[in-house]
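J.: here's my sequence, what's the structure:
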Amino acid sequence: MNRKLNVNKFRNNTFLLPLDILELTNHFIGLKFCIATLNDMNHLKNIYFRSVGDLLQE
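T.: Numbers count the residues shown, from 1 in each chain. Presented below is the predicted three-dimensional model:
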């Protein structure tokens, strides 16, 4: 999360701080007004769907 929000990258804590909540809110507002970008790591275009032929070969 720190990497995505460009917050102090060297923090090793595993709990949320008030700064984290503010940065998340800022990011969500940016998404609403098309200023921020989505992470498309889990987008369907990035997933390989196996065809029936691939499944039959196994």
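
J.: and the helices in this protein?
T.: 2-5, 18-32, 52-57 (DSSP state H).

J.: nearest to residue 12, of these?
T.: Ranking the helices of the chain by proximity to residue 12 (Cβ to Cβ) places helix 2-5 first, at 9.9 Å. In this view, the C-beta of every residue, glycine as well, is placed from N, C-alpha and C.

J.: point out where the protein drops to low pLDDT.
T.: Across the chain, residues meeting the criterion (pLDDT under 70) sit at 1-11, 13, 35-49, 58.

J.: hmm, back to that, distance to residue 12 for the helices of the chain - can I get that in a markdown table?
T.: Formatted as a markdown table, the helices of the chain follow (distance: least, Cβ to Cβ, whole Å):
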| stretch | distance to residue 12 |
| --- | --- |
| helix 2-5 | 10 |
| helix 18-32 | 14 |
| helix 52-57 | 42 |
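
J.: now those as TSV including mean neighbour count?
T.: TSV is the format used below for these (neighbours: other Cβ atoms under 10 Å):
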stretch	mean neighbour count
helix 2-5	12
helix 18-32	12
helix 52-57	8
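
J.: quick check: residue 57 vs residue 33, distance?
T.: 48 Å (Cβ to Cβ, to the nearest Å).
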